[in-house]
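Student: the sequence and its predicted three-dimensional model are supplied below.
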Amino acid sequence: MTLALPPIMCVVSTVCVGQPVQSPSPNQIQHFGFSIVDAGHDDPHDDEVRLEYVDEVAGFSTFADLAPYFATEDISPRIDAMTQRGLKVFLHAQGLLFDHVIDADSPTGVRYVLRADAADRFSTFVQINALDQHQDDLVAIYLADEPAWNRLDDEELRLGASIVESELPDVPIAVIEAAPAIGELKIPESVDWVGFDRYAVGDPSTDPQWQQDLQSLIDRRTREDQRVIIVMETQWIPEYTKLGYDQSIMGAIATNTLKAAQACPHAIAIVGYSWPGGLDRPEQLGARQLPPDVQSVYRQIGRRIKQFSRH
């Protein structure tokens, strides 16, 4: 999930970082976790080479993402490492199903395309990892990141979802779109969870544009039972400092995002973008670099959701 918009921080509601977080409603928000936990990314802001961060988030997450890139990749040990820590796997399938080509007309400069061998690649991957026998270990299959923003053809998105559904019918399929492209997104009926990302928003629970984006996404659902993923901004970029906001404000933003999720009857999961830093550019910080008071809010939110998810 990339930064889709220029950083224009909205007014943050008066929620103190140390203020207790209201408990999520039982049987509504069932999942909480962060992106780029096990995606082969080395955070440039520490002194070690590290490609996964499962142990850092396990105590306050219900899931962690895992990104394979090759059809013959054996991820069984990585799945076991998560399940042994009480986590389910948010499995990124994009690298298995889709390729990208340079496209100057795309907002990102690239366009996603469905691989000609996508069905064979995904089937091979499922067989090697016996995923059909371990569907309960997967919280969802992440089909594609910002597909309309990256100019993925609607039919190719639908076909990709059908491939996943045919192999793993009991696992929810998820898509997250960039806010400016919500109006272009055609959600396949086989997709179960949908979300959007809009960053640099101080209080999603009151921000008019964020609320409009949420309603637009809900209106574009193709099934009444399709649930909503709420994206929580847990990154920090230098522009925020230039605008006069220090990193401590991210605790209030997390609390405000939880409030927005609690107010949405369709919400099922909150995913923080992201845990490590440096994914989009070297100076970008992730949640693991933010102040202890901010991380305390993440832990409080995650532990309460984790508590309810066990009921």
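Tutor: Now that the structure is in, tell me what you want to look at. Numbers count the residues shown, from 1 in each chain.
Student: residue nearest the centroid of the chain?
Tutor: Nearest residue to the geometric centre of the chain (CA atoms, centre = their mean): V271, 4.6 Å.
Student: ok, and the closest non-adjacent residue to E189?
Tutor: Of all residues not flanking E189 in the chain, T222 sits nearest, at 4.8 Å (CB to CB, 6 or more residues apart in numbering). From N, CA and C alone the C-beta is placed, and that goes for glycine too.
Student: on the three-state scheme, that neighbour is what?
Tutor: Here T222 is coil, with the state taken from DSSP: H, G, I helix; E, B strand; the rest coil.
Student: tally of neighbours for it?
Tutor: T222 is flanked by 12 other residues according to other CB atoms under 10 Å.
Student: let's verify H100: helix, strand, or coil?
Tutor: Per three-state DSSP, H100 ends up strand.
Student: can you map out the helices along this protein?
Tutor: With DSSP state H as the criterion, the chain has helices at 54-57, 76-83, 94-97, 118-129, 154-167, 208-219, 238-242, 249-263, 292-309.
Student: would TSV of these with mean neighbour count and distance to P180 be doable?
Tutor: Putting those into TSV (neighbours: other CB atoms under 10 Å; distance: least, CB to CB, whole Å) gives the following:
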stretch	mean neighbour count	distance to P180
helix 54-57	18	29
helix 76-83	16	33
helix 94-97	22	20
helix 118-129	18	27
helix 154-167	19	17
helix 208-219	16	9
helix 238-242	13	18
helix 249-263	23	19
helix 292-309	19	27
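Student: beta partners of the residue nearest to the centre of the chain?
Tutor: Per DSSP bridges, the residues bridged to V271 are G33, V231.
Student: who's in contact with it?
Tutor: V271 sits next to F32, G33, F34, S35, D65, F90, I176, G195, I229, I230, V231, M232 when contact means CB atoms under 8 Å, 6 or more residues apart in numbering.
Student: returning to that earlier point: out of the helices of the chain, which is closest to A181?
Tutor: Checking the helices of the chain against A181 by CB to CB gives helix 208-219 as the closest, at 10.4 Å.
Student: average pLDDT across that closest one?
Tutor: The average pLDDT within helix 208-219 is 98.
Student: ok, stretch 112-130 next?
Tutor: 98.
Student: that stretch: how far from the chain's middle?
Tutor: 22 Å (CA atoms, centre = their mean, to the nearest Å).
Student: now it - C-alpha only, CSV.
Tutor: Output in CSV follows, covering the C-alpha atoms of stretch 112-130 (Å, rounded to 0.1, in the frame of the first residue of the first chain):
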residue,chain,number,x,y,z
TYR,A,112,-0.7,-4.7,-13.3
VAL,A,113,-1.4,-7.6,-15.7
LEU,A,114,-2.7,-11.1,-15.0
ARG,A,115,0.1,-13.6,-15.8
ALA,A,116,-0.8,-16.1,-18.6
ASP,A,117,0.3,-18.9,-16.3
ALA,A,118,-1.4,-17.5,-13.2
ALA,A,119,-3.7,-20.5,-12.6
ASP,A,120,-0.9,-23.0,-12.9
ARG,A,121,1.4,-20.9,-10.7
PHE,A,122,-1.2,-20.6,-8.0
SER,A,123,-2.2,-24.3,-8.2
THR,A,124,1.4,-25.3,-7.9
PHE,A,125,2.0,-23.0,-4.9
VAL,A,126,-1.1,-24.4,-3.1
GLN,A,127,0.0,-28.0,-3.7
ILE,A,128,3.6,-27.5,-2.6
ASN,A,129,2.4,-25.9,0.6
ALA,A,130,-0.7,-28.1,1.1
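Student: residues in contact with it?
Tutor: 68, 71-76, 79, 93-94, 96-101, 131-132, 144, 147, 150-153, 156-157, 159-160, 163-164, 167-168.
Student: can you check stretch 51-60 too?
Tutor: Contacts for stretch 51-60 (CB under 8 Å, 6+ apart): 32-34, 37-43, 64, 78, 81-82, 85-87, 275-276, 288, 298-303, 306.
Student: phi first, then psi, for the residue nearest to E189.
Tutor: Note on T222: backbone dihedrals following degrees, to the nearest 10 are phi -110, psi 0.
Student: would you turn the contacts of V271 into CSV with pLDDT?
Tutor: Putting the contacts of V271 into CSV (pLDDT from 0 to 100) gives the following:
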residue, pLDDT
F32, 98
G33, 98
F34, 98
S35, 98
D65, 96
F90, 98
I176, 98
G195, 98
I229, 98
I230, 98
V231, 98
M232, 98
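Student: want to try CSV for those residues, with distance to A267 and neighbour count as columns?
Tutor: Converted to CSV, the contacts of V271 look like this (distance: CB to CB, whole Å; neighbours: other CB atoms under 10 Å):
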residue, distance to A267, neighbour count
F32, 11, 28
G33, 14, 26
F34, 17, 28
S35, 17, 28
D65, 18, 22
F90, 16, 29
I176, 13, 23
G195, 9, 21
I229, 8, 25
I230, 5, 24
V231, 11, 22
M232, 11, 25
